[in-house]
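**Student:** Need a 3D model of the following:
(chains A and B)
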Amino acid sequence: MREPNAVDFWRGLALVTIFVNHIPGNTFERYTYSQYGISDAAELFVFLAGWSIGIATRERDGRPEPRLRTVLRLLSRTIEVYRAQITTMALALAMIAGTALVLDNPLLLEWHNAGGFFADPIQTMVGFVMLTHQLGFFNILPLYVVLLGIAPVFVLIGRVSRVAALALSFGLYAASLVFEWNLPSWPGEGDWFFDPFCWQLLLVMGFTAQDWSRTSPWLKRSAPRLVPVGVLIVLTGIVLSVLELRPDPLLVPDPRLVFTFDKTYLSPARVIHFLGVLLAFQTLYAVIAPRLGWVATFLASLGRNSLAVFSIGSLLSLAAQLVRFWTGGGVVVDVFVVGFGLFALGFTAWFVEWRSRKPRLSSP
Amino acid sequence: MALPKAAALVALSLSLAGMAGGSVVSAQAPAAQPQPPGPEDFMPRPGPAAPVPASPTVVSPPNVASAGAGVDGEAVDVTLSPECRVPGSKLYTLARLGAVKAALKEKHPVRVLAIGASTMGLGASATYPVKLETALERSLPDVDVVVESRGLQGEIASGAGERLRSMVAELEPDLVIWQVGSHDALARVDLDAFESALDETVQWIKGHAIDVVLVSPVYTASLAQDAYYTSLVGKVQEVARREGVPLVQRYEAMRYLALRNDKGEGHLLGTQFRLNDLGLRCMAEHVTRAITLSLLQPDPVSTGSAGRPALTLAPPKDSPGVKDSAGVRGTPPPVSPGD
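**Tutor:** Reported below is the predicted structural model:
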């Protein structure tokens, strides 16, 4: 178990933010940073995933591990994430169907894109395992599966030339924005909620930034000087989102997605805002971590076990939504469901680490 | 069953005559429909009314005179297939659809974006978008209708309105048919926040010369006494009225169907689910009816072709009297709620 560090801390914060934001309508939603900027926790999560790939595919002394091992490592992680997605989706569908039965309430079957599964199980079952049928709020892991699947290409190119990896990534991003390339949904119409062709940019930026910050003393010196630029971008983001100022997608010139604030295609405004957040908060961890005490330890423990915490978190968000609907919501219910959720996330992280520390339990 | 059979023959021959007449449209002959013996039998059956003489100016308004009386005495709209019959007042409020009319006039395909929670149906050929496209093309002869459907995740009160704008910008439809409110109801969002966000989004769509039809959320018995839920349904109605857009009252229609089909089995597990299925099956028909009738709303200002209607509408050829070979419309046989 590694010591708390900045990457795990911020990843933990992103996980908590995603958990709270996935309980729409709850009291605490308005206190998450997603409400005060153009980009949100999803960008942070994907960028830090890329950063972690950078760390994981090198030896401790910084030498890159053998190429085949990197490819196998990423393949094994892809399978792990796929398994997590299938398991959480199956549980989520059962939770929705079960609650609908208990409350005798078919409205629940219309829960964010679940209706297709119940109305048309034959096709949707196929779409479910192909990741082309996604439930609302359960669409980050399918993105992550695709990103990890294509990551070896970028990681191996990046070993030869960081610029080449970034250029390829940016080229794919730009083309997808202009030509609106995306993976299709099926059996429903439409496309993926998170376009992997666009979102791969953040992953590649994550691991090249990690590599660059490791090797370049110049970056270490000059990045802190850019904090004011970051703060300016963050402040602009706060003003724009509080005043709800954003471009009208029917009035912007072509190619439309370059100018709108689109989440699916990760419009440039979101990338710029995210880079601003990165610059503004790059040095913050060292300042606040000692003052936060157990909170920093808690968030870092979530970040260390991000896949388990994310999976359990998405099920807890759904459970919280169902409880809020059943009880009618309100501040007391919100305090209870969010409080219980945070405790359960912490327990998940602890349990995963406990299990890996203990010698393998003998089967009964 | 001799009488209904005879009436069906009359209806069929009338509709064939109408088709033989080319684009000229015959008035509907809803006189009497052959109905399978079933749950509707407790209702007074419409008598064989005299067929309305054919007229070049279209129209199939809810034919009150010849319609069967519903549960509470109000006439049901007999142009709908038997299992879906609901009185017009329970089913829709109408308003002008300028963009669709313009598309019809210019004879370019009508592009429809159907947005909603459960946009799928039972099997590939019977999905809601496919049914909707078929039903609309039957009601608007010689017009090509292209229906795109999209699920919209998230709540209108928090961000879904923004995603809807992106979809509209991507597809640039003439008409948006929007099943709205389910997700906001499930999240129990603040009612005023819901109303103002919905209002704002509807204004935005209309502001870009695109028509909107709103579809209210489903009715189900366990929510009938839920004050929050009924208020939310009311908010959808209010916005539709204020913004002057047609509304398909799915809630009212399903409540009507629930009442009609009530056999005192409300306590049995699954009753509400069967009703929900019925509501989904009927939705394409109900939406089409509201759109067809909305297209007959007069223009506020004469557009030069005064006195001549901008378009002519066929009677719904899929009315039960002239149901074509089974399977084309994908409508399952009427349910018997008792089984």
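**Student:** Identify, by residue count, the longest helix of chain B.
**Tutor:** In chain B, ranked by residue count with DSSP state H as the criterion, the top helix is helix B:271-294.
**Student:** Which pLDDT value goes with residue 65?
**Tutor:** Reading this off chain A. On the pLDDT scale, A:Glu65 is placed at 93.
**Student:** meant chain B actually
**Tutor:** 39.
**Student:** Could you pick out the longest helix of chain A?
**Tutor:** Max-length helix for chain A by DSSP H is helix A:67-102.
**Student:** near chain A at all, the longest helix of chain B?
**Tutor:** Yes - using Cβ under 8 Å from any Cβ of the partner chain, helix B:271-294 reaches chain A at B:272-273, B:275-276, B:280. Bear in mind the C-beta positions are built from the backbone N, C-alpha and C, glycine included.
**Student:** Could you list every helix and strand in contact with the longest helix of chain A?
**Tutor:** Here helix A:67-102 touches helix A:121-129, helix A:140-160, helix A:306-327, going by 3 or more Cβ pairs under 8 Å, 6 or more residues apart in numbering or on different chains; DSSP states H and E.
**Student:** hmm, 10 Å instead?
**Tutor:** Contacts defined by 3 or more Cβ pairs under 10 Å, 6 or more residues apart in numbering or on different chains; DSSP states H and E place helix A:67-102 against helix A:41-56, helix A:115-119, helix A:121-129, helix A:140-160, helix A:306-327, helix B:271-294.
**Student:** of all those helices, which lies closest to A:Pro217?
**Tutor:** When those are compared by Cβ to Cβ, helix A:41-56 sits nearest A:Pro217, at 17.7 Å.
**Student:** from the chain's centre, how far out does the closest one sit?
**Tutor:** Centroid separation for helix A:41-56 versus its chain: 9 Å, with Cα atoms, centre = their mean, to the nearest Å.
**Student:** Quick one: work out the angle between the helix or strand where A:Leu201 lies and helix A:41-56.
**Tutor:** Element membership of A:Leu201 [criterion: DSSP states H and E] is helix A:196-215. Note on geometry: by axes from the mean of the first three to the mean of the last three Cα atoms, to 10 degrees, helix A:196-215 and helix A:41-56 are set 50 degrees apart in direction.
**Student:** What residues sit buried inside helix A:196-215?
**Tutor:** Residues A:196-212 are the ones in helix A:196-215 that count as buried (16 or more other Cβ atoms under 10 Å in any protein chain shown).
**Student:** Stretch A:306-318 now?
**Tutor:** Under 16+ other Cβ under 10 Å, the buried positions of stretch A:306-318 are A:306-318.
**Student:** Please export the alpha-carbon coordinates of it; CSV is fine.
**Tutor:** The C-alpha trace of stretch A:306-318 is given here as CSV (Å, rounded to 0.1, in the frame of the first residue of the first chain):
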residue,chain,number,x,y,z
SER,A,306,-10.3,3.5,-8.0
LEU,A,307,-11.9,0.6,-10.0
ALA,A,308,-13.6,-1.1,-7.0
VAL,A,309,-14.6,2.2,-5.4
PHE,A,310,-16.0,3.5,-8.7
SER,A,311,-18.0,0.3,-9.3
ILE,A,312,-19.4,0.2,-5.8
GLY,A,313,-20.0,4.0,-6.0
SER,A,314,-22.1,3.7,-9.1
LEU,A,315,-24.3,1.1,-7.5
LEU,A,316,-24.5,3.2,-4.3
SER,A,317,-25.5,6.2,-6.4
LEU,A,318,-28.3,4.2,-8.0
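**Student:** From chain B, how far off is A:Val145?
**Tutor:** When distance is defined by Cβ to the nearest Cβ, to the nearest Å, A:Val145 is 19 Å away from chain B.
**Student:** show me what contacts that residue?
**Tutor:** Contacts of A:Val145 were listed using Cβ atoms under 10 Å, 6 or more residues apart in numbering or on different chains, and they are A:77-86, A:131, A:196.
**Student:** near chain B at all, the helix holding A:Leu201?
**Tutor:** No - under the criterion of Cβ under 10 Å from any Cβ of the partner chain, chain B is not reached by helix A:196-215; the shortest gap measures 13.4 Å.
**Student:** how far does that helix sit from the chain's center?
**Tutor:** Using Cα atoms, centre = their mean, the offset of helix A:196-215 from its chain centre is 14 Å.
**Student:** helices or strands up against it?
**Tutor:** Using 3+ Cβ pairs under 10 Å, 6+ apart: helix A:196-215 touches helix A:41-56, helix A:140-160, helix A:162-179, helix A:217-222, helix A:268-281.
**Student:** Report the angle between the first one and helix A:67-102.
**Tutor:** Comparing the axes of helix A:41-56 and helix A:67-102 via the same axes, to 10 degrees yields an angle of 150 degrees.
**Student:** buried sites along helix A:41-56?
**Tutor:** For helix A:41-56, by 16+ other Cβ under 10 Å, it's A:41-54.
**Student:** So it, near chain B or not?
**Tutor:** No - using Cβ under 10 Å from any Cβ, we find that helix A:41-56 stays clear of chain B, coming within 12.6 Å at best.
**Student:** Next: the third one.
**Tutor:** No - counting by Cβ under 10 Å from any Cβ, no contacts exist between helix A:162-179 and chain B, the nearest distance being 12.5 Å.
**Student:** what comes into contact with that helix?
**Tutor:** Contacts of helix A:162-179 (Cβ under 10 Å, 6+ apart): A:150, A:153-159, A:161, A:181-182, A:195-205, A:207-209, A:211-212, A:215, A:254-258, A:262, A:265-268, A:271.
**Student:** Surely B:Tyr128 and B:Met283 touch.
**Tutor:** Yes - with contact defined as Cβ atoms under 10 Å, B:Tyr128 and B:Met283 form a contacting pair (6.1 Å).
**Student:** who has more neighbours, these two?
**Tutor:** Remark: of B:Tyr128 and B:Met283, B:Met283 carries more neighbours, 27 against 23, as counted by other Cβ atoms under 10 Å in any protein chain shown.
**Student:** Sort out which residues of stretch B:130-146 are buried, please.
**Tutor:** Across stretch B:130-146, burial judged by 16+ other Cβ under 10 Å covers B:130-141, B:143, B:145.
**Student:** same check, this time on stretch A:173-187
**Tutor:** The neighbour-count check on stretch A:173-187 (16+ other Cβ under 10 Å) flags A:173, A:176-177, A:180-183, A:185, A:187 as buried.
**Student:** same check, this time on stretch A:154-163
**Tutor:** Buried residues in stretch A:154-163, counted by 16+ other Cβ under 10 Å: A:154-155, A:157-158, A:162.
**Student:** got the angle between the helix or strand where B:Leu259 lies and helix B:271-294?
**Tutor:** Here B:Leu259, judged by DSSP H and E, is contained in helix B:250-260. Comparing the axes of helix B:250-260 and helix B:271-294 via the same axes, to 10 degrees yields an angle of 130 degrees.
**Student:** Now do helix B:250-260: which elements does it pack against?
**Tutor:** helix B:88-91, strand B:92-93, strand B:211-215, helix B:227-243, helix B:271-294.
**Student:** Can you give the contact residues for whatever helix or strand comes next after the second one?
**Tutor:** Going back to what we said before, that points to strand B:92-93. Scanning forward in sequence from strand B:92-93 by DSSP H and E, the next helix or strand is helix B:98-105. For helix B:98-105, contacts defined as Cβ under 10 Å, 6+ apart pick out B:97, B:108-112, B:136, B:140, B:142-145, B:173-176, B:205-206, B:208-213, B:291, B:294-297, B:299-300, B:303, B:305, B:310-313.
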